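**Q** quick one, fold the following:
(chains A, B, C and D)
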2 protein chains.
Amino acid sequence: MEDVARVAGVSHQTVSRVLNNHPNVSSKTRERVEQAITELGYRRNTAARSLVTRRSQTIGVLGSEMAQYGPSHTLLGVQQAAREAGYFVSVAALREVTPETIKDAMAHFMDQGVDGVVVTVPHPGTFDVLKDITAQVPMVAVGSIGDEHLTGATVDQRQGARLAVEHLLELGHQRIGHLSGPSDWIDAAARIEGWRDALTDAGIEPVTLIEGDWSAECGYREGLKVAADRSVSALFVANDQMALGVLRAFHELGVQVPEDISVVGFDDQPESAYFIPPLTTVAQDFEELGQRCIALLLDRLESGATGTPATVAPRLVVRSTTAPASK
Amino acid sequence: MEDVARVAGVSHQTVSRVLNNHPNVSSKTRERVEQAITELGYRRNTAARSLVTRRSQTIGVLGSEMAQYGPSHTLLGVQQAAREAGYFVSVAALREVTPETIKDAMAHFMDQGVDGVVVTVPHPGTFDVLKDITAQVPMVAVGSIGDEHLTGATVDQRQGARLAVEHLLELGHQRIGHLSGPSDWIDAAARIEGWRDALTDAGIEPVTLIEGDWSAECGYREGLKVAADRSVSALFVANDQMALGVLRAFHELGVQVPEDISVVGFDDQPESAYFIPPLTTVAQDFEELGQRCIALLLDRLESGATGTPATVAPRLVVRSTTAPASK
DNA sequence: ATCAAAGTTGTGAGCGCTAACAATTGCATC
DNA sequence: GATGCAATTGTTAGCGCTCACAACTTTGAT
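**A** Here you go, the predicted structure:
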């Protein structure tokens, strides 16, 4: 920086001012300094800068299941939005989610001196742990509807589930089962609620609820049972992967989809259009979710405002696994 | 730090020594200092530390297609290995891969002062761009077989392709086609080579090569053509997603798998076991790949050694899409 | 008892930057 | 032309840490 100052014929402080867009620099000198900067290929040292500003320009992303479709796309959105705003993104992926590992990862971030944290851990228990930690930095959580300490952005899962179930109701289905995710996941719980609400509103008692674990394997296992007892005419499955397993199970036992049983998934992964048959499902925009989180976090970081939690709307995608009820 | 020193009754330098595990500290004082540290809940300031050490303890991960199965799992491995070694992981995901965006992301990392970079961009052109940049930090690339400037870790794709093709040959297939990835991807090219080599070694001329784009949609489109002309008795598909599309196309046109045509995929995503029928494929351990990359990078970082590029072995997983040739 | 060598601790400087303040300049006003 | 005020620039200190070196203490051999 001293070098740049010398070349431009000014003091190091003026260089600093140019770098930080301070108002009171004459355009003449600003230009000279900028030229010197490019001439010398100067880059300002982040460590020195954070030492004095107490800002690291880094945002931590704390997540689990980061290789899954949803989280990985959320990370993409977070990463892009953060980088555009001039922030660095540091990632800590939890292999398993326990209070221990969460605290570990947060300690990691505190060591690094991140300015804020985005949490994409889909278990509500996580939020309790995080509240205990009393982090010194703003946090935003994916899936949090907005606690006073923990705002967040979320896809309206309940609405998504409603969309799916109402679509089935319109087709004349009455016995609509739900193969859900693990009920200790926020999203799974919300989808269960949406399913339940939609049925109740239609004057139907929600009966068949099967708790799954998101995996295709589980979808297959439970699909075999459903195919055997035929207690439902339609099945709303909480994600596309389980739906894949269900489809396979039905196929094996000769249950025709959608003639015998209709199936609706959730997520709209790109592959779902190529399932046999192509899956009717609910699409959600994870990247936007990530972007919203960063927007929220930057608001808090830069203006101190708490910001209202953002909600992203899901969308029903009708393909070939749903048809009017048979009788 | 001064506070800790006061509580422990030593100088700040001794505290620093304890923190850095310097040998010449008596166990008595070390203990006292450690106690003071926990008592005060002291954490050393990373910015100040990097300012003087010129190390940021941060590794940059430069990647594209980060939400795909392979890259996202690689990131998981990288992240875990790095964190265990006390490093932070900063991510830059490329939305599109051009010399521009690559340089941008690298500039981002240089600004941040990363100690090293892991590159997971599967286009060989990337390496050329990176060589031009003359980065001041060590780099390791996934998929690079080991240039002198750019070592890397890689799954032996060629071997994986051989495994697949040889399996088909053993089943008596002669006309074995290949639906490949885009040929400007390193992995796609290696798989093409493996397919070609295996056939040539068996005295068969490799004829049917179709270039795809990794997507299920493309698998479907090309699958329809293959089903129509029936020029092959087996198809080796370069990834599981395209294989899904192929399966769907065959199903639609009444081509039985594996009775009429055998199919082998590549990747072994968890869903592949639940395709209709379950997919024979080649498994590769992406997480290990990521870990190896970090091991390599840390070697260079800490000992200066260039390190020999690591190779991870793929594994054939036989399921139900392959059967003996019909005649 | 004496000295050298090793082990242990303390002192001062400085990494590169920004904040606060001081000093200078330009410009309009009387 | 003197005065005041704003705009612009320079000077100094210090963020929290590690490095190099100096100073002191122990140990063991003579």
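**Q** for chain A, which segments count as strands?
**A** Applying DSSP state E to chain A gives strands spanning A:58-64, A:88-94, A:116-120, A:139-142, A:151-155, A:176-180, A:209-211, A:234-237, A:262-264, A:281-283, A:310-312, A:315-317.
**Q** tell me which of those sits most buried.
**A** Comparing these by mean neighbour count (mean count of other C-beta atoms under 10 Å in any protein chain shown), strand A:234-237 comes out on top with a mean of 30. All C-beta spots, glycine's among them, are computed from the backbone N, C-alpha and C.
**Q** pLDDT of that one, averaged?
**A** The pLDDT scores in strand A:234-237 average 98.
**Q** what residues does the stretch 151-300 of chain A put near chain B?
**A** Contacts of the stretch 151-300 of chain A with chain B, taken as C-beta under 8 Å from any C-beta of the partner chain, map to A:215-217, A:219-220, A:241, A:244-245, A:247-248, A:251, A:270-271, A:273-276, A:278.
**Q** which of those residues are buried?
**A** A:215-217, A:219-220, A:241, A:244-245, A:247-248, A:251, A:271, A:273-276, A:278 (16 or more other C-beta atoms under 10 Å in any protein chain shown).
**Q** which parts of the stretch 51-200 of chain A are helices?
**A** A:69-84, A:99-112, A:124-133, A:157-170, A:186-201 (DSSP state H, counting those that start in this stretch).
**Q** DNA strand D: which of those helices is closest?
**A** helix A:99-112 (10.3 Å; C-beta to the nearest atom of the strand).
**Q** mind checking if that closest one is in reach of chain B?
**A** Yes: using C-beta under 8 Å from any C-beta, helix A:99-112 comes into contact with chain B via A:108, A:110, A:111, A:112.
**Q** what does that helix rub up against?
**A** Helix A:99-112 is contacted by residues A:56, A:58, A:60, A:62, A:90, A:92, A:94-95, A:117, A:121, A:126, A:129-130, A:133, A:135-137, B:43-44, B:46, B:58, B:83, B:88 when judged by C-beta atoms under 8 Å, 6 or more residues apart in numbering or on different chains.
**Q** try 6 Å
**A** By C-beta atoms under 6 Å, 6 or more residues apart in numbering or on different chains, the surrounding residues in contact with helix A:99-112 are A:60, A:62, A:92, A:94, A:117, A:129, A:133, B:43, B:46, B:88.
**Q** try stretch A:22-30
**A** A:10, A:17, A:18.
**Q** TSV for those residues, including pLDDT and distance to residue A:25?
**A** Formatted as TSV, the contacts of stretch A:22-30 follow (pLDDT from 0 to 100; distance: C-beta to C-beta, whole Å):
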residue	pLDDT	distance to residue A:25
A:10	88	9
A:17	92	5
A:18	90	6
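**Q** which one of those residues is nearest to DNA strand C?
**A** Using C-beta to the nearest atom of the strand, residue A:17 comes nearest to DNA strand C of the contacts of stretch A:22-30, at 7.9 Å.
**Q** burial count for that closest one?
**A** 18 (other C-beta atoms under 10 Å in any protein chain shown).
**Q** low-confidence ranges, the stretch 151-300 of chain A, go.
**A** Within the stretch 151-300 of chain A, no stretch falls below the threshold (pLDDT under 70).
**Q** hmm, 90 instead?
**A** Along the stretch 151-300 of chain A, segments meeting pLDDT under 90 span A:151-152, A:184-186, A:299-300.
**Q** just give the closest residue to the residue most central in space within chain A, not the sequence neighbours.
**A** Chain A has residue A:74 as the residue nearest its centroid, 4.3 Å off, counting by C-alpha atoms, centre = their mean. Distance criterion C-beta to C-beta, 6 or more residues apart in numbering or on different chains; nearest residue to residue A:74, sequence neighbours excluded, is residue A:290 at 4.3 Å.
**Q** can I assume the one you found is in contact with residue A:73?
**A** No: contact criterion C-beta atoms under 6 Å: residue A:290 and residue A:73 do not qualify, at 7.3 Å.
**Q** comparing the two, which residue is more hemmed in?
**A** Shown here are residue A:290 and residue A:73; by other C-beta under 10 Å, residue A:290 has more neighbours (26 against 22).
**Q** look up how far residue B:67 lies from the more buried one.
**A** Distance of residue A:290 to residue B:67, computed by C-beta to C-beta, to the nearest Å: 11 Å.
**Q** how about residue A:67?
**A** The value you get for residue A:67 to residue B:67, if C-beta to C-beta is used, is 9 Å.
**Q** what's the answer for residue A:165, then?
**A** 28 Å.
**Q** comparing those two, which residue is more hemmed in?
**A** Between residue A:165 and residue B:67, counting by other C-beta under 10 Å, residue A:165 is the more crowded of the two (27 against 22).
**Q** can you tell me the closest non-neighbouring residue to that one?
**A** residue A:198 (3.7 Å).
**Q** shouldn't the one you found be in contact with residue A:160?
**A** No: using C-beta under 6 Å, residue A:198 is not in contact with residue A:160; the gap is 10.7 Å.
**Q** roughly how far does the residue in the stretch 51-200 of chain A positioned nearest to DNA strand D sit from DNA strand C?
**A** Across the stretch 51-200 of chain A, no residue is closer to DNA strand D than residue A:52, which sits at 3.7 Å (C-beta to the nearest atom of the strand). Residue A:52 is 4 Å from DNA strand C, where distance means C-beta to the nearest atom of the strand, to the nearest Å.
**Q** could you do residue A:177 as well?
**A** Using C-beta to the nearest atom of the strand, residue A:177 is found at 59 Å from DNA strand C.
**Q** swap in residue A:36?
**A** For residue A:36, the distance to DNA strand C equals 13 Å [C-beta to the nearest atom of the strand].
**Q** residue A:235 now?
**A** On the measure of C-beta to the nearest atom of the strand, residue A:235 and DNA strand C end up 58 Å apart.
**Q** tell me what that residue is bridged to.
**A** Under DSSP bridges, the beta-bridge partners of residue A:235 are residue A:177, residue A:263.
**Q** I figured it hits residue A:265, correct?
**A** No: assessed by C-beta under 6 Å, residue A:235 is found out of contact with residue A:265, at 9.7 Å.
**Q** give me the common contacts of these two.
**A** Common neighbours of residue A:235 and residue A:265, counting by C-beta under 6 Å, 6+ apart, are absent.
**Q** still on that earlier bit, got the strands of chain A as a markdown table, with distance to residue B:286 columns?
**A** Formatted as a markdown table, those follow (distance: least, C-beta to C-beta, whole Å):
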| stretch | distance to residue B:286 |
| --- | --- |
| strand A:58-64 | 17 |
| strand A:88-94 | 13 |
| strand A:116-120 | 20 |
| strand A:139-142 | 24 |
| strand A:151-155 | 27 |
| strand A:176-180 | 28 |
| strand A:209-211 | 30 |
| strand A:234-237 | 27 |
| strand A:262-264 | 30 |
| strand A:281-283 | 26 |
| strand A:310-312 | 29 |
| strand A:315-317 | 29 |
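**Q** nearest to residue A:202, out of those strands?
**A** strand A:176-180 (9.2 Å; C-beta to C-beta).
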